[in-house]
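Trainee: Quick one: sequence plus predicted model below, questions after.
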Amino acid sequence: MPTDTEKEYLIRALEVFKRKILVISTDFSILAVNGHFNGMQEKEIVGAKCYEVLYNLSFPCEGCPAEEVKLIGKPVAISRQTQYTGLKNPSCKYSYPICSEKNMEAIVILDFEIPTLEGLEEQLRYSNAFLKNLILSAVDGIIAADRQGKILMFNEAASEICGYHENEAVNHINIREIYTEKDAAYDIMAKLRENNGKLEAYKVDVRHKDGTPIPISLNAAIIYEGKEEVATIGFFHDMREKIRMKKELEKTQIQLLQAEKMASLGKLAAGVAHQINNPLGGIILFAKLMMEEYDLPETAIEDLQRILRDAQRCSDTVKELLEFARQPRQNIRLNDMNTALSRTLFLLENQTLFHNIEIIKDFSEDLPGIPADIRQINHLFMNIILNAAEAMEGKGKLTVKTRFCAGNEFICIEIADTGPGIPDEVLSHIFEPFFTTKEAGKGTGLGLSLVYGIVENHGGRITARSKPGEGTAFLIELPVNPKHFKGEKDER
Ligand code: ADP
Ligand code: MG
């Protein structure tokens, strides 16, 4: 047996012992404890049940090591990791029986509190940091707000969408200010309450700090504590890219449709042209024969001449039609578009129609040559420039601009006039064959459909921009490295 002094030291040692020691009876009542814990003094806890004091339970913990000590009468050590997962789990690690000769008098429990709490704190810190990282690095904007709408949480993606830094938003901005519509936040709350606190793929616009509206698909939820609403959390998915892609797809579909339409119209035109060509040849031939072989009165000759003139015009139209429908043999060479434009302009400038038209050349100096059939290209420029001059009725400004759009490997040619412009309902038809607004005899309506075909052949794109009263601009984009040419290549 230890002496009194030894006992005294042992007691003091227990007091300073870093690990806490609890002595309980076999019915879990605390008999003694070293040091104080949970803010309670020793005398307050002695006599109470250990599970109440440690874990606030009204019954012994599941898998309690003391329980096992009682059963087997030997020390028990628990090393399960799950000990630290929550306060309600038993976190007593070591239990030792104190036995008299016959009975187990008490049980000593070691490592029940300090390691547990330390572990829990560490666990908590870790999981907090993990959660924070998770939220911060989420692809969607995550914004949480309290019941009054004050922002509590604002991740990086939310900053990108809204333009506010986390510090500007948290505690400073109300969630109501995030949306473009004044009542959007109220509407969202109402919808959330209608749907058991959940909202999925709700379309709404968020206002960026600079005022730009950003289309969003919002998933949101009310956070409850018990039955009480304490906060809301929203996942903001930026829809700009998706909308842009949808528009792009629609545009491509329209272009495809247009190309399809042009191709079938081309075939139709070729068929009609061939059908007309033969009888037309007959009309011209017999009209000429009549003039030469009969001694006709002057008036009859005049009538026949009229027939010949009109038949000739028909024949010209048919030629243009065939040109339009033909898959031409192409003569592809590297050509400089600035030179091609200059030549076409030079040819046209001297015509009376152009005398009162101011021509502005804005040519890029670093325009690369592109593989093209120069005959077709000249035809293309000629048609567009003639249309512009006709639209301006010989008076106005013609601007011809060339640029190298390095990013997408295209060269851009813009031909703009200061004419009357084209109303929307006309604009959507100008590339169709036979579409003309000019009076009979003045326009065939084939010019722009030829232009369209030529641009297509070169793997390019053509668009017209116009508003009534604001002139018209044609934008032609031709690739520097066309992947393929339509039509047959001339190998000569
Ligand atoms: P055409 O010149 O024989 O009428 P096009 O195919 O060349 O046939 O042009 C079709 C139509 O497009 C024209 O009739 C005209 O209405 C419209 N158009 C073309 N270019 C212009 C322009 N620069 N300004 C106004 N309208 C234009
Ligand atoms: Mg024309």
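Mentor: Sure thing, it's come through. This structure is a prediction, so every number in the text was calculated from the model and none was measured. Numbers count the residues shown, from 1 in each chain. Ligands and ions are numbered 1, 2, ... in the order given.

Trainee: so how far is the helix ranked longest in the chain from its chain's centroid?
Mentor: Taking DSSP state H as the criterion, the chain has its longest helix at helix 240-293. A distance of 38 Å separates the centroid of the chain from that of helix 240-293, by Cα atoms, centre = their mean, to the nearest Å.

Trainee: Residue in the protein with the shortest distance to ligand 2?
Mentor: residue 447 (2.9 Å; Cβ to the ion). C-beta here means a position set from N, CA and C on the backbone, and glycine is covered the same way.

Trainee: ok, how many other residues are close to that residue?
Mentor: Look at residue 447: counted by other Cβ atoms under 10 Å, it has 24 neighbours.

Trainee: what stretches of the stretch 301-450 of the chain score poorly on pLDDT?
Mentor: Judged by pLDDT under 70, the stretch 301-450 of the chain has its weakly predicted residues at 324-329, 406.

Trainee: Please, where are all the strands along it?
Mentor: Along the stretch 301-450 of the chain, the stretches classed as strands by DSSP state E, counting those that start in this stretch are 329-330, 332-335, 356-362, 370-373, 395-405, 410-417.

Trainee: winner for burial among those?
Mentor: Of the strands of the stretch 301-450 of the chain, the one with the most neighbours on average (mean count of other Cβ atoms under 10 Å) is strand 370-373, at a mean of 23.

Trainee: The residue nearest to residue 290 when sequence neighbours are not counted - how many residues pack around it?
Mentor: Closest residue to residue 290 apart from its sequence neighbours, by Cβ to Cβ, 6 or more residues apart in numbering: residue 304 at 5.9 Å. By other Cβ under 10 Å, the residues close to residue 304 number 18.

Trainee: With residue 21 instead?
Mentor: Applying other Cβ under 10 Å, we find 19 residues neighbouring residue 21.

Trainee: What's opposite it in the beta bridge?
Mentor: residue 110 (DSSP bridges).

Trainee: Do I have it right that it meets residue 15?
Mentor: No: counting by Cβ atoms under 8 Å, residue 21 sits too far from residue 15 to count as a contact (9.9 Å).

Trainee: list the residues that contact both of the two?
Mentor: The contact sets of residue 21 and residue 15 overlap at residue 34 (Cβ atoms under 8 Å, 6 or more residues apart in numbering).

Trainee: biggest strand in the chain, by residue count?
Mentor: Using DSSP state E, we find that the single longest strand of the chain is strand 213-225.

Trainee: what does the next helix or strand after it contact?
Mentor: Following strand 213-225 in sequence order, the next helix or strand is strand 228-238 (DSSP states H and E). Outside strand 228-238, the residues that touch it by Cβ under 8 Å, 6+ apart are 138, 140-147, 152-153, 157-158, 160-161, 175, 188-189, 192, 197, 206, 214-224.

Trainee: What of stretch 295-311?
Mentor: Residues contacting stretch 295-311 (Cβ under 8 Å, 6+ apart): 280, 283, 284, 287, 288, 290, 291.

Trainee: at 10 Å what do you get?
Mentor: With contact meaning Cβ atoms under 10 Å, 6 or more residues apart in numbering, stretch 295-311 is reached by 279-291, 294, 441.

Trainee: of those, buried ones?
Mentor: Taking 16 or more other Cβ atoms under 10 Å as the criterion, what is buried in these is 280, 283, 284, 287.

Trainee: got the residues you listed as CSV, with distance to residue 62 and pLDDT columns?
Mentor: Listed next are those as CSV, based on distance: Cβ to Cβ, whole Å; pLDDT from 0 to 100:
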residue, distance to residue 62, pLDDT
280, 103, 90
283, 108, 93
284, 109, 93
287, 113, 92
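
Trainee: For the stretch 101-250 of the chain, which residue gets nearest to ligand 1?
Mentor: In the stretch 101-250 of the chain, the residue that lies nearest ligand 1 is residue 250 (24.0 Å; Cβ to the nearest ligand atom).

Trainee: Need the pLDDT of that residue.
Mentor: Looking at residue 250, its pLDDT is 84.

Trainee: OK, contacts around it?
Mentor: By Cβ under 10 Å, 6+ apart, residue 250 has no neighbours at all.

Trainee: For residue 182, see how far away the residue of the chain closest to ligand 2 is.
Mentor: Residue 447 sits 52 Å away from residue 182 when distances are taken as Cβ to Cβ, to the nearest Å.

Trainee: likewise residue 105?
Mentor: Counting by Cβ to Cβ - residue 105 and residue 182 are separated by 74 Å.

Trainee: Look at those two and report which has more neighbours.
Mentor: More crowded of residue 105 and residue 182, by other Cβ under 10 Å: residue 105, with 13 against 9.

Trainee: secondary structure class for that one?
Mentor: State at residue 105, reduced to three classes by DSSP: H, G, I helix; E, B strand; the rest coil: strand.

Trainee: now it, nearest residue through space, not along the chain?
Mentor: Here the residue nearest residue 105, using Cβ to Cβ, 6+ apart, is residue 98, at 5.2 Å.

Trainee: Bridging across strands, which residues link to that neighbour?
Mentor: residue 106.

Trainee: isn't it right next to residue 70, touching?
Mentor: No: contact criterion Cβ atoms under 10 Å: residue 98 and residue 70 do not qualify, at 11.9 Å.

Trainee: Residues in contact with both of the two, list them for me.
Mentor: Going by Cβ under 10 Å, 6+ apart, residues that sit against residue 98 and also against residue 70 are 104, 107.

Trainee: Who has more neighbours out of those two?
Mentor: residue 70 (17 against 14).

Trainee: Return the per-residue confidence for that one.
Mentor: 88.

Trainee: Could you do the one 10 residues further on as well?
Mentor: Looking at residue 80, its pLDDT is 49.

Trainee: what do you get for residue 269?
Mentor: Looking at residue 269, its pLDDT stands at 77.

Trainee: burial of it, as a residue count?
Mentor: 21.

Trainee: wait, it sits on residue 318?
Mentor: Yes: at 9.5 Å, residue 269 counts as touching residue 318 under the criterion of Cβ under 10 Å.

Trainee: need the residues of this structure near ligand 2, please.
Mentor: Contact residues (Cβ under 5 Å from the ion) of the chain with ligand 2: 387, 447.

Trainee: Please report how far the residue most central in space within the chain lies from residue 278.
Mentor: Centroid-nearest residue in the chain, with Cα atoms, centre = their mean: residue 241, separated by 0.9 Å. In this structure, residue 241 and residue 278 are 57 Å apart, going by Cβ to Cβ.

Trainee: How about residue 16?
Mentor: The spacing between residue 16 and residue 278, counted by Cβ to Cβ, is 121 Å.

Trainee: quick one on the thing from earlier: and the strands of the stretch 301-450 of the chain: which comes nearest ligand 1?
Mentor: Of the strands of the stretch 301-450 of the chain, nearest to ligand 1 by Cβ to the nearest ligand atom is strand 410-417, at 5.0 Å.

Trainee: what's the angle from the closest one to strand 356-362?
Mentor: Counting by axes from the mean of the first three to the mean of the last three Cα atoms, to 10 degrees, strand 410-417 points 160 degrees away from the direction of strand 356-362.

Trainee: angle of strand 410-417 against strand 395-405?
Mentor: Interaxial angle of strand 410-417 relative to strand 395-405 (the same axes, to 10 degrees): 170 degrees.

Trainee: Which strands and helices lie in contact with strand 410-417?
Mentor: Secondary-structure packing of strand 410-417 (3 or more Cβ pairs under 10 Å, 6 or more residues apart in numbering; DSSP states H and E): helix 337-349, strand 356-362, helix 374-391, strand 395-405, strand 461-466, strand 472-479.

Trainee: Describe which strands it pairs with in its sheet and in which direction.
Mentor: Partners of strand 410-417 in the sheet, by DSSP bridges, are strand 395-405 (antiparallel), strand 472-479 (antiparallel).
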